[in-house]
Structures are given as C-alpha cells and as structure tokens.
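Asks: fold the following, please.
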Amino acid sequence: MFKTGRVLLAATSVALLALTATACNDNDSDGGLAGSGNKSAEAGSTGSGADKSGALGGAVDAVSLLKSVSDKTAAAKSAKVEVTNEMGTSTTSMKGALSWENGLQGEMSGGIGGGAMGESLAKAGSDGKMSARYLSDAMYINMGDAMAGQLGGAHWIKYGYADLTKLMGPAGDSLKNQIQNADPISSVRALIASGQITKAGTDKVNGTEATKYTGDLSATDITAATTKGLTQDQIDALEKQFSAAGISTEHIEIWISKDNLLLKKIEQFDSKAGKVTSTAVYSDYGTAIKVSAPPASDTVDFAELMAAGSDSGS
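Replies: A predicted model of the protein is given here:
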C-alpha cells in the first residue's frame with residue numbers, strides 16, 4: 001500500500017506546494033524601495049506600446065506606482081484567487097479564497113491533469129480532483145475517496161510546515177517562510193528591487209481595465225525574493241538547487257487596476273523538467289476568510305506516513 005501511496009503523495013505534494021508559492025508568495029522585505037516615494041502613476045494611462053521604465057521619468061512613475069500597489073494589496077489582506085500551474089505536460093488548476101494577514105490561510109479546490117502526476121493519480125484510481133486548506137502551521141490536502149483507500153480511510157493529508165523543512169532541505173526552509181509570511185505581491189516587490197520594470201500598455205482582466213508591467217529576473221533576484229528568514233548557508237544551498245534544476249531567469253507579467261490593486265500575474269521559467277508557467281487572478285479583495293483544520297479522525301500526517309513507508313521498506 002505504502003509504495004503506491006508514496007508515489008501519489010509525492011505528486012500531490014509537488015503540485016500543491018507549487019500552487020502555494022505561486023498564489024501567495026513570500027512577504028519579501030522592501031529592499032529596493034528606499035527613496036521610491038509614495039506618488040503613484042496614473043494606472044491605465046499608457047498606450048498600447050511598451051515603455052521601458054529604465055528611461056528617466058518612466059522609472060519614477062513605474063516604481064512609485066508599484067510601491068503603491070505593494071502597499072495597497074498587502075493592506076487588503078485577502079482575496080478570491082484562481083491559480084493555474086503548467087509544469088511540463090501537467091496542469092494544476094485551483095480556485096478559492098486566501099488571506100495573507102497572518103500567514104497564508106484559506107481554502108482552494110480544483111485538480112491535477114496530464115503528465116506524470118496525472119498518470120500517477122489515474123493509476124491509483126483518482127480522477128485528479130482535490131481540495132486544500134491552509135492554516136498557520138500546516139496545509140491539508142484532500143484527494144477524495146481514491147486517496148482515502150490508500151490511507152486507511154482518511155481523506156485529508158496534513159503537511160506540517162516544520163516537517164517540510166526536514167523533508168525538502170533548504171527548499172523546504174524557503175517554502176515554510178513563503179507560506180508563513182505570505183502575500184500575493186512578492187513579484188511586485190522583486191520587480192521594484194531589480195529595477196527591471198517595463199510598462200506594456202493596457203488590457204482588461206475579467207472586464208476591468210488594467211495596466212500591464214513586465215520584467216525578467218535573474219537567479220539571484222529569484223533567490224532574493226524567496227529567502228526571508230534564511231541563513232546564508234541555506235541561501236547558498238537554495239541557489240545551488242536552482243542551478244541544479246536549470247533555473248536561471250524568471251519572466252514576470254503583472255496587471256494593475258486603476259485602484260492600484262494586483263489583478264493578475266504570470267510567472268514563467270525554464271527548468272530541466274520543462275517550462276513552468278504559473279498564472280494567478282485576484283478579485284473581491286477584503287473577502288471574509290473562515291477556515292479550520294479537518295477532523296483529526298479523517299486526517300493522516302504526511303511525515304508519519306512517510307516514516308511508516310520507510311519502515312515497511314517500500
């Protein structure tokens with residue numbers, strides 16, 4: 001039982017951890033914001049052409065606007081979210097509501113399809129549908145009755161954030177910090193800090209007029225956006241993991257409303273496992289969030305499950 005279950009759990013873990021990191025990334029420090037000021041540019045006032053913010057004047061407007069977006073989106077504290085992650089031939093789609101006031105909290109539902117993950121789930125009898133609950137100390141994943149059959153009847157798997165640091169090493173340390181210090185605008189902060197901001201015209205997101213900005217971050221910029229609370233040794237190890245995974249640059253696109261709220265973001269990077277594209281759409285800022293842990297009687301701990309699988313020799 002544990003051998004098949006461990007394959008299924010590994011696929012689920014990768015998909016959901018990617019979802020978390022994409023939808024609400026770490027609450028990075030304002031490293032590149034000093035002196036940027038509070039004057040915001042008029043969102044939606046650009047034409048259809050791109051305007052590189054590196055030019056004098058454009059830089060001031062773009063940085064000031066994104067600083068305002070960072071502040072206002074963080075202050076909103078919650079929103080409804082739709083997230084799609086494409087990893088190679090696998091796709092994870094989730095929707096729900098999340099709060100970032102006290103770390104990541106909320107509930108999402110959706111599914112995994114295609115690729116190795118989808119194939120593993122199908123072999124285990126799952127249709128790929130799942131739901132997730134995020135609390136301050138752990139996230140819980142429900143893969144339905146097919147997964148419950150692999151887990152002695154329990155529907156929910158508990159992923160304690162402290163356990164992830166043990167299982168994933170430096171990447172787990174980073175992920176723990178991302179989740180426990182989460183808000184959706186680390187991409188905005190990273191673009192400000194890097195200075196690589198391009199104004200790319202206007203567009204509509206779910207019918208709302210928005211201004212689009214783009215940028216490309218180096219591996220160093222990516223690491224800086226995910227390392228709050230880590231030691232230098234952990235940062236060095238994480239950079240090595242990025243290098244081993246073949247990740248050198250990340251392309252980011254963000255859409256900002258005239259009210260200076262983040263409406264949509266796309267993050268793309270190439271890795272040895274293939275191209276990864278993560279898309280998140282935000283709406284209904286300030287929505288009420290109520291979430292609680294599933295019943296203990298219907299929950300199995302991921303760390304204990306992995307230990308049992310190791311002891312069984314599977």
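Asks: make it CA atoms for all contacts and neighbour counts henceforth
Replies: Fine.
Asks: check which helix or strand S131 maps to.
Replies: strand 129-134 (DSSP states H and E).
Asks: where do the helices sit along the stretch 201-314 of the chain?
Replies: Along the stretch 201-314 of the chain, the stretches classed as helices by DSSP state H, counting those that start in this stretch are 219-224, 232-244, 302-312.
Asks: show me what the strand holding S131 is packed up against.
Replies: With contacts taken as 3 or more Cα pairs under 8 Å, 6 or more residues apart in numbering; DSSP states H and E, strand 129-134 sits against strand 105-113, strand 138-142.
Asks: residues making contact with that strand?
Replies: With contacts defined as Cα atoms under 8 Å, 6 or more residues apart in numbering, strand 129-134 is touched by 104-112, 139-144, 291-293.
Asks: buried ones among these?
Replies: Buried by 16 or more other Cα atoms under 10 Å: 104-112, 139-144, out of the contacts of strand 129-134.
Asks: and Y134, what are its bridge partners?
Replies: Counting by DSSP bridges, Y134 is bridged to G106, M139.
Asks: how close does it sit to T89?
Replies: Taken as Cα to Cα, to the nearest Å, the spacing of Y134 relative to T89 amounts to 26 Å.
Asks: the two: which is more packed in?
Replies: Comparing Y134 with T89 by other Cα atoms under 10 Å, the one with more neighbours is Y134, at 24 against 15.
Asks: now, among the buried ones among the contacts of strand 129-134, which is nearest to I254?
Replies: Nearest to I254 among the buried ones among the contacts of strand 129-134: L104, at 20.7 Å, using Cα to Cα.
Asks: I'd say the closest one and D137 touch.
Replies: No - applying Cα atoms under 8 Å, one finds L104 not in contact with D137, separated by 9.4 Å.
Asks: could I get the average pLDDT for the strand holding S131?
Replies: The pLDDT scores in strand 129-134 average 89.
Asks: go on, stretch 208-222?
Replies: Rounded mean pLDDT across stretch 208-222 is 82.
Asks: send the alpha carbons of it over as CSV?
Replies: In CSV, the C-alpha atoms belonging to stretch 208-222 read as follows (Å, rounded to 0.1, in the frame of the first residue of the first chain):
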residue,chain,number,x,y,z
THR,A,208,-11.6,45.5,-15.5
GLU,A,209,-9.2,47.9,-17.2
ALA,A,210,-5.7,47.3,-16.1
THR,A,211,-2.1,48.4,-16.8
LYS,A,212,0.4,45.7,-17.6
TYR,A,213,4.0,45.6,-16.4
THR,A,214,6.7,43.1,-17.2
GLY,A,215,10.2,42.2,-16.2
ASP,A,216,12.8,39.5,-16.2
LEU,A,217,14.6,38.4,-13.0
SER,A,218,18.0,36.6,-12.7
ALA,A,219,18.5,33.6,-10.5
THR,A,220,20.0,35.9,-7.9
ASP,A,221,16.8,38.0,-7.9
ILE,A,222,14.6,34.9,-7.7
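Asks: low-confidence ranges in the stretch 201-314 of the chain?
Replies: 219, 221-231, 234-235, 237-242, 244-248, 272-273, 309-314 (pLDDT under 70).
Asks: isn't A288 up against S78?
Replies: Yes - A288 is in contact with S78 according to Cα under 8 Å; the separation is 7.5 Å.
Asks: more neighbours: which of these two?
Replies: Neighbour totals were compared for A288 and S78, and S78 leads with 26 against 14 (other Cα under 10 Å).
Asks: check the nearest residue to that one once chain neighbours are set aside and give its pLDDT.
Replies: In this structure, S78 finds its nearest non-sequential neighbour in S99, 4.0 Å apart by Cα to Cα, 6 or more residues apart in numbering. At S99, the model reports a pLDDT of 91.
Asks: S99 - how many residues pack around it?
Replies: Residues within reach of S99, counting by other Cα under 10 Å, total 27.
Asks: repeat that for the one 4 residues further on.
Replies: A total of 23 residues lie near G103 under the criterion other Cα under 10 Å.
Asks: with D173 instead?
Replies: Neighbours of D173 (other Cα under 10 Å): 26.
Asks: repeat that for M168.
Replies: Residues lying near M168 (other Cα under 10 Å) number 12.
Asks: from memory Q196 sits against Y213, does it?
Replies: No - the criterion here is Cα under 8 Å, and Q196 misses it with Y213 at 9.8 Å.
Asks: okay, these two: which has more neighbours?
Replies: Y213 (26 against 17).
Asks: which residue packs closest to the more buried one, ignoring adjacent ones?
Replies: Spatial nearest neighbour of Y213, excluding adjacent residues (Cα to Cα, 6+ apart): K199 at 4.5 Å.
Asks: same check on A122?
Replies: G128 (7.2 Å).
Asks: then G153?
Replies: G153 sits nearest to D298 (Cα to Cα, 6+ apart), 7.4 Å away.
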